[in-house]
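Colleague: Quick one: sequence plus predicted model below, questions after.
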Amino acid sequence: MAKPKTLFACQSCGHQAPKWLGRCPDCGGWGTLVEELVPELARRPPAAGGQKPVPIAQVPSETEARKSTGIAELDRVLGGGVVDGSLVLLGGDPGIGKSTLLLSALDRLSREHAALYVSGEESPRQVKMRAERLGVASPNLHLFAETDAVKALAAAGELRPAALVVDSIQTMYLPELSSAPGSISQVREVAGRLMAFAKKSGVPTFLVGHVTKDGSIAGPRVLEHMVDTVLYFEGERGHPFRILRAHKNRFGSTNEIGVFEMKGSGLAEVADPSALFLSERPEGQAGSVVTSTVNGTRPLLVEVQALVAPTGYGTARRTAMGVDTNRVALLAAVLEKKEGVQLVGCDIFVNVAGGIQLAEPASDLAVCAALVSSLRNRAIDPHTLVLGEVGLAGEVRAVSQLEPRLAEAAKMGFRTAILPKASARRLEGQKLEPRGVDTLSEALEAMFG
């Protein structure tokens with residue numbers, strides 16, 4: 001009898017080696033290689049009479065049919081609704097609301113047709129308790145507590161549901177593979193079976209994925225390449241707001257975000273996030289500045305807070321939440337070098353209220369204004385919006401999508417906008433007064449006189 005073939009697979013990145021290694025040569029992880037059996041592949045006869053290549057001009061153009069999940073914020077992130085036969089992967093920290101969101105979506109998708117929720121982590125009674133808290137009571141919603149992927153696919157094939165949820169992909173396994181559930185080979189093969197089922201049957205399938213300590217989805221990287229859409233649920237532990245963001249979407253934009261608020265009855269949609277993020281803003285306080293960020297087609301007004309205080313240690317601290325710490329250090333250096341603002345002996349703390357992440361450079365001028373406002377203990381006009389990218393020479397550069405940003409600010413009652421002069425020249429008919437500036441000096445003069 002032939003000895004079964006084995007290999008060693010890294011449980012972090014999927015790298016395979018013929019022998020055990022203490023450290024993975026690909027990702028550098030220690031003790032992550034685990035021995036796995038190589039499954040025997042059936043010999044396939046050569047394909048005959050298959051499809052032939054066709055010119056792209058002869059391929060018929062069709063618009064994919066979308067189905068509303070009943071949750072407007074989820075539909076926005078998906079690109080207008082869920083597509084039949086699509087495979088969606090949803091990741092996020094434990095307890096952030098992944099199961100809650102998908103259970104609420106299934107409740108709405110199962111109003112006319114059956115839907116299936118496969119739980120590999122909870123019993124039907126546990127899922128029922130959450131459903132009662134959320135008000136989920138659709139008679140067409142079916143629960144199935146199973147970790148065997150073959151049985152789960154058989155149940156889905158028999159039920160022919162309108163949508164399928166697998167919670168989670170790391171708990172499912174195939175009996176023919178000897179490795180444990182959650183291993184590289186199990187996750188890869190189970191995802192392949194689910195993808196084949198979704199494409200063949202046209203059933204939209206949602207997969208819940210665990211995340212690692214660094215926030216990425218656990219398992220092989222090929223998992224994210226296989227699925228059609230990758231969604232991440234983001235949010236702070238003690239904060240009620242949740243941000244749903246698309247990192248990959250074959251049927252829509254990856255820039256859209258959905259905003260939710262966690263309540264006792266579940267996740268509530270936030271239709272006007274700008275008003276929510278600014279509802280607790282302290283007016284007339286130094287170190288508080290409002291700027292605008294754009295995610296896809298949605299402009300958001302957020303508050304940038306800064307606290308500058310004399311340091312009690314030998315080295316000043318630079319701490320930032322919601323903004324890149326290196327970016328804050330760069331802007332502080334520009335203020336010191338070009339404007340003579342003395343920040344060397346001061347601790348700097350910058351925070352973006354609401355748990356929003358500011359990744360675009362359009363918020364640079366707002367960070368500089370908040371730092372100077374806190375240092376001088378002088379408040380900025382609460383009805384002033386600050387926008388602009390700051391360069392190393394102290395110049396204020398133009399920002400994109402200015403019209404929707406200013407329209408959102410005008411709707412919230414802002415009267416003045418300090419922004420790059422190059423962008424201000426293109427504005428016509430705006431409800432608020434644009435004040436264009438070329439340099440950081442002009443911007444600080446306009447805000448503090």
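Modeller: Arrived safely. Predicted model only: the values in this text are computed from it and were never measured.
Colleague: least trustworthy helix or strand in the chain by mean pLDDT?
Modeller: When each helix and strand of the chain is scored by mean pLDDT, DSSP states H and E, strand 33-37 comes last, with a mean of 79.
Colleague: who's in contact with that strand?
Modeller: Here strand 33-37 makes contact (Cβ atoms under 8 Å, 6 or more residues apart in numbering) with 4-11, 15, 17, 20-21, 24, 177-179, 183-185. Every residue, glycine included, has its C-beta placed from N, CA and C.
Colleague: next helix or strand past that strand?
Modeller: Next in sequence after strand 33-37, counting helices and strands by DSSP states H and E, comes strand 66-67.
Colleague: Pull the distance from that next one to the chain's centre.
Modeller: 21 Å (Cα atoms, centre = their mean, to the nearest Å).
Colleague: repeat for stretch 395-409
Modeller: Worked out by Cα atoms, centre = their mean, stretch 395-409 lies 23 Å from the chain centre.
Colleague: Do me a favour and get the end-to-end distance for it?
Modeller: End-to-end span of stretch 395-409 (Cα to Cα, to the nearest Å): 24 Å.
Colleague: Show me what counts as buried in stretch 276-291.
Modeller: Buried residues in stretch 276-291, counted by 16 or more other Cβ atoms under 10 Å: 276, 277, 278, 286, 287, 288, 289, 290, 291.
Colleague: Please convert those residues to TSV, extending it with pLDDT and secondary structure.
Modeller: Converted to TSV, those look like this (pLDDT from 0 to 100; DSSP: H, G, I helix; E, B strand; the rest coil):
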residue	pLDDT	secondary structure
276	79	helix
277	81	helix
278	86	coil
286	93	coil
287	93	coil
288	94	strand
289	95	strand
290	94	strand
291	94	strand
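Colleague: For those, which two are the farthest from each other?
Modeller: Among those, the pair separated by the greatest distance (Cβ to Cβ) is 276 and 286, at 23.6 Å.
Colleague: low-confidence ranges in the stretch 301-449 of the chain?
Modeller: Residue ranges of the stretch 301-449 of the chain with pLDDT under 70: 426-430.
Colleague: mind redoing it with 90?
Modeller: 311-317, 344-345, 353-360, 400-404, 406-408, 410-413, 421-434, 448-449 (pLDDT under 90).
Colleague: any idea where the helices of it begin and end?
Modeller: Counting by DSSP state H, counting those that start in this stretch, residue ranges of the helices within the stretch 301-449 of the chain are 325-339, 364-376, 402-411, 421-424, 440-448.
Colleague: Return the most buried member of those helices.
Modeller: Most buried of those by mean neighbour count (mean count of other Cβ atoms under 10 Å) is helix 364-376; its value is a mean of 25.
Colleague: Which neighbouring elements make contact with that one?
Modeller: strand 288-295, strand 298-310, helix 325-339, strand 346-352, strand 384-386, strand 389-390, helix 440-448 (3 or more Cβ pairs under 8 Å, 6 or more residues apart in numbering; DSSP states H and E).
Colleague: Against residue 319, how distant is residue 448?
Modeller: To residue 319, residue 448 is 24 Å away according to Cβ to Cβ, to the nearest Å.
Colleague: Can you redo the buried residues of stretch 276-291 as CSV, where the extra columns are distance to residue 75?
Modeller: Shown next, in CSV, are those (distance: Cβ to Cβ, whole Å):
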residue, distance to residue 75
276, 19
277, 22
278, 25
286, 41
287, 38
288, 34
289, 33
290, 29
291, 28
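Colleague: which among those gets closest to residue 346?
Modeller: residue 287 (12.3 Å).
Colleague: Please name the spatially closest residue to the closest one (chain neighbours excluded).
Modeller: Among residues not flanking residue 287 along the chain, residue 374 sits closest, at 3.4 Å (Cβ to Cβ, 6 or more residues apart in numbering).
Colleague: domain ranges for this protein?
Modeller: Here the domain assignment for the chain is 6-37, 68-271, 276-448, based on automatic domain parsing.
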